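**Student:** coords below, sequence missing:
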């Protein structure tokens with residue numbers, strides 16, 4: 001412990017001037033003492049970490065001045081930690097002790113942390129800093145209590161790391177009627193008095209809530225933990241008393257409770273825990289945590305496990321680090337998130353918005369930056385793009401490595417300190433070249449049942465989820481993110497600079513359906529941000545080689561089952577056989593293709609060795625074959641044709657690209673649902689080229705010689721009257737009449753909904769598709785008029801008026817509701833239209849606005865045009881619709897067209913691969929082209945990619961080639 005340092009009176013006066021703002025952290029306060037709010041600086045960074053004694057938020061040396069300006073706080077706790085290597089003798093003694101105790105010590109500590117604390121009195125702007133070393137008993141009592149509270153409080157970073165592995169625990173059915181014996185025993189509240197009643201050990205102790213027996217817990221998978229005395233007690237008492245609580249985890253908030261009952265045998269919740277503990281003399285309100293919970297132990301075991309074992313064909317990869325080559329540390333099954341983030345921050349648009357604009361985003365961050373998505377995106381982006389990890393090798397470590405290199409390979413360099421013996425060299429710190437995106441994972445997964453957990457996820461689903469979060473955030477915080485100014489140029493990257501980020505990936509697909517009997521055609525456009533391609537296995541170019549390989553594998557399996565060694569048969573006609581001589585001197589000829597050999601030259605005999613290893617031969621499908629499957633003509637059965645009066649028939653369907661985005665994200669669907677309803681992986685190679693030209697697949701739209709389905713004709717004919725209606729204040733208002741698509745209605749009825757409800761859903765989504773109609777139905781199940789017949793004249797309601805009926809005349813909107821919606825970042829015109837479309841419901845109006853951000857101004861213009869007759873003289877709605885229409889052609893980010901069409905010619909810039917039998921397990925790795933060469937991003941490890949496996953990718957990112 002550092003010696004106590006006295007301070008002079010002038011210094012104490014300055015401390016007292018600011019102590020009124022100092023707070024003592026309570027149990028419910030969040031303390032950020034492990035990592036900076038805006039960067040990845042920590043107490044181990046060169047400048048340490050400054051903890052604000054008012055907000056309990058931590059800041060690195062470069063950010064504490066900004067915090068002082070933002071909050072006006074002047075008293076900070078300065079934390080500085082230094083790694084000090086341990087003597088080899090001490091490390092070896094720890095390993096020997098663990099071995100003697102029967103434990104497997106995977107990673108014995110090789111260093112200790114030298115922790116220094118001081119109180120800093122910060123001047124205005126953080127320029128002047130008066131530092132007072134701690135401990136210092138002369139400081140005011142309140143300041144000392146605040147410092148002690150911060151040091152003792154569990155950090156938010158540690159809590160979030162554990163929360164990844166937290167699972168919802170069921171309430172034990174034995175808790176309500178738990179039998180508690182009256183033995184007269186009382187458990188001491190002092191942890192120093194706790195011991196196992198059977199073995200006397202003092203760690204990992206569990207109290208049986210029925211008998212009062214204190215026993216050691218079970219062993220972990222690595223040998224650590226306890227000796228199982230608590231479980232043995234449960235067995236010896238006839239399995240009557242199943243509930244135990246872990247001493248040391250009891251707090252006023254919670255504790256670890258386990259049920260040994262065979263029908264539970266898991267962590268559970270005891271809603272009467274306080275009462276059950278009081279029976280044994282334990283006051284839960286006075287207890288403090290002294291041991292790690294089971295979730296914390298699970299986090300330790302998972303994060304110590306080596307996740308990154310994947311290499312490219314065993315090659316020694318050259319490591320990379322620095323700007324644009326920073327890794328992301330795996331938080332426990334977070335490789336899906338890491339791969340997506342690495343891919344996103346390759347894009348110049350993302351870098352410009354969240355890295356180049358980081359200073360603006362950080363300076364305007366809310367009081368809790370940890371809950372602000374733009375701040376966390378900027379924090380991750382600055383680390384990945386600029387290499388700002390907050391940690392680097394100090395001079396002593398660099399000199400030690402240089403000395404080791406000079407001493408020769410394999411010889412450790414010894415460092416002498418304070419007369420101690422040889423020291424164990426400090427291990428490499430992964431934070432030198434990687435960061436831990438824990439706060440980002442927390443905010444991005446907040447409230448989501450899957451992405452907030454520690455389970456493996458689908459990278460494609462996470463990308464879609466993240467783009468939705470970013471889209472909403474950028475719309476409501478457009479001005480803060482600099483999205484209000486018009487882009488200087490037309491399409492592509494120029495226009496995307498002032499639009500929400502998801503616009504860079506958004507495209508429109510056009511489906512053309514033609515009735516097989518009438519020949520009538522209908523067109524449907526579907527927006528998407530992800531192009532999924534199916535893999536046609538029948539198009540494999542090496543089908544014969546695959547069949548022969550599988551035949552050899554089947555024969556090997558039969559040999560093993562029959563305990564035979566070789567199979568002798570006829571060689572396939574035309575097969576080429578190597579003439580290498582077997583190593584056993586038998587004269588047999590052994591081919592390189594693993595285990596196929598002939599008995600003699602030219603004999604035509606085939607010998608298969610049971611244990612021979614052979615490289616797998618997988619089907620190889622060209623990328624063009626996947627595109628042909630996507631764009632080919634398919635037959636749609638049970639199609640209701642409006643041209644035939646709604647009669648069922650068949651139709652042909654063809655899909656084309658209506659627009660091409662600046663960046664095309666392609667998902668190769670390698671997974672299928674097996675007969676047992678489980679997802680299985682398709683073992684197939686897809687040859688994805690460096691460059692693709694999709695222009696031949698561009699949609700052409702309705703042609704003059706085509707006969708359109710009746711509803712398509714009516715929708716086209718309604719375009720001109722609507723345009724005329726928005727042309728002036730006195731123009732007559734005409735609404736677009738939407739006739740429910742009978743095929744869509746039939747499909748919805750087959751799902752179990754009422755026919756009138758299905759008709760309303762079809763009208764509400766303007767016959768855009770079953771998925772959109774289904775979403776509308778599920779969100780309007782409580783509508784009182786959902787199953788009422790449609791009125792004779794039904795107008796399109798893209799947002800879903802209650803029950804899907806016609807859009808009512810626009811009544812005067814509630815000014816208070818308009819004010820609330822405009823406070824979310826929407827214009828008054830948008831707010832008025834949303835309230836009109838949703839019958840004045842504020843909650844529905846907010847959802848309507850967010851759900852129509854892709855084409856907000858077009859939807860607003862349609863609603864205002866359809867409901868204009870109810871406004872003053874009809875002219876106000878027309879004027880507002882005209883304003884909405886003109887805004888769509890203007891410069892505001894919400895108003896511009898959300899599809900950045902351009903040439904469909906692309907270059908491959910990155911791809912994400914998945915290793916595993918299904919998407920619920922395995923590992924993700926990203927390969928990204930950096931400065932003309934491929935690099936592999938395997939969580940925290942970044943290296944030059946010698947052989948990028950482009951044929952094994954799952955998600956492929958293509959960038960438009962500017963002509």
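**Tutor:** Yes, it's here. All figures in this text were calculated on a predicted structure; none of them were measured in a lab.
**Student:** strands of the stretch 1-150 of the chain, start to end?
**Tutor:** Along the stretch 1-150 of the chain, counting by DSSP state E, counting those that start in this stretch, strands occupy 49-52, 58-60, 75-85, 111-122, 129-133.
**Student:** residue 13: which of the ones you listed is closest?
**Tutor:** Checking those against residue 13 by C-beta to C-beta gives strand 111-122 as the closest, at 10.3 Å. Placement of C-beta: from N, CA and C, glycine included.
**Student:** pLDDT weak spots in the stretch 251-400 of the chain?
**Tutor:** Applying pLDDT under 70 to the stretch 251-400 of the chain picks out residues 291-316, 394-400.
**Student:** mind doing that once more with 90?
**Tutor:** 251-255, 265-267, 284-320, 331-333, 390-400 (pLDDT under 90).
**Student:** that one: strands as residue ranges?
**Tutor:** For the stretch 251-400 of the chain, strands defined by DSSP E, counting those that start in this stretch occupy the ranges 257-259, 266-268, 327-328.
**Student:** residues touching the closest residue to residue 217 other than its chain neighbours, list them.
**Tutor:** Nearest residue to residue 217 in three dimensions, chain neighbours excluded: residue 226, at 3.9 Å (C-beta to C-beta, 6 or more residues apart in numbering). Counting by C-beta atoms under 8 Å, 6 or more residues apart in numbering, residue 226 makes contact with 196, 201, 203-205, 216-219.
**Student:** out of these, which end up buried?
**Tutor:** 196, 201, 204-205, 216-217, 219 (16 or more other C-beta atoms under 10 Å).
**Student:** out of the residues you listed, list just those in helices.
**Tutor:** Of the positions in those, not one sits in helices, assigned by DSSP state H.
**Student:** out of the residues you listed, which one has the weakest pLDDT?
**Tutor:** Within the set of these, pLDDT is lowest for residue 219 (70).
**Student:** helix or strand: which one has residue 510?
**Tutor:** Taking DSSP states H and E as the criterion, residue 510 maps to strand 507-515.
**Student:** name every strand pairing with that strand and say which way it goes.
**Tutor:** As defined by DSSP bridges, the strand partners of strand 507-515 come to strand 521-528 (antiparallel), strand 647-657 (antiparallel).
**Student:** quick check: mean pLDDT of the shortest one?
**Tutor:** Looking back up the chat, that one is strand 521-528. For strand 521-528, the per-residue pLDDT averages 90.
**Student:** against which helices or strands is whatever helix or strand comes next after it packed?
**Tutor:** Toward the C-terminus, strand 521-528 is succeeded by strand 531-534 as the next helix or strand (DSSP H and E). Counting contacts by 3 or more C-beta pairs under 8 Å, 6 or more residues apart in numbering; DSSP states H and E, strand 531-534 is packed against helix 623-631, strand 663-669.
**Student:** most tightly surrounded among those?
**Tutor:** Sort the helices and strands packed on strand 531-534 by mean neighbour count, taking mean count of other C-beta atoms under 10 Å, and strand 663-669 sits at the top with a mean of 21.
**Student:** buried ones in stretch 44-59?
**Tutor:** Quick answer for stretch 44-59 (16+ other C-beta under 10 Å): 44-45, 47-59.
**Student:** picking that back up, and the helices and strands packed on strand 531-534 as a markdown table, adding distance to residue 900 and mean pLDDT?
**Tutor:** Formatted as a markdown table, those follow (distance: least, C-beta to C-beta, whole Å; pLDDT from 0 to 100):
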| stretch | distance to residue 900 | mean pLDDT |
| --- | --- | --- |
| helix 623-631 | 21 | 95 |
| strand 663-669 | 10 | 95 |
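**Student:** among those, which comes closest to residue 68?
**Tutor:** strand 663-669 (40.4 Å).
**Student:** partner strands of the closest one, with direction?
**Tutor:** By DSSP bridges, strand 663-669 pairs with strand 531-534 (parallel), strand 953-960 (antiparallel).
**Student:** next helix or strand past the shortest one?
**Tutor:** Proceeding N to C from strand 531-534, the next assigned helix or strand is helix 543-561, under DSSP H and E.
**Student:** how about that following helix: buried residues?
**Tutor:** Neighbour-count burial for helix 543-561 [16+ other C-beta under 10 Å]: 546, 548-549, 552, 555-556, 559.
**Student:** same check, this time on stretch 268-282
**Tutor:** By neighbour count on 16+ other C-beta under 10 Å, the buried set for stretch 268-282 is 268, 270, 273, 276-277, 279-280, 282.
**Student:** quick one: the strands in the stretch 551-700 of the chain?
**Tutor:** Assigned strands in the stretch 551-700 of the chain, in chain order: 566-570, 580-581, 589-590, 596-597, 605-609, 620-622, 634-641, 647-657, 663-669, 671-673, 679-681, 685-687, 691-693 (criterion: DSSP E, counting those that start in this stretch).
**Student:** not including adjacent chain positions, what is the nearest residue to residue 366?
**Tutor:** Nearest residue to residue 366 in three dimensions, chain neighbours excluded: residue 372, at 5.4 Å (C-beta to C-beta, 6+ apart).
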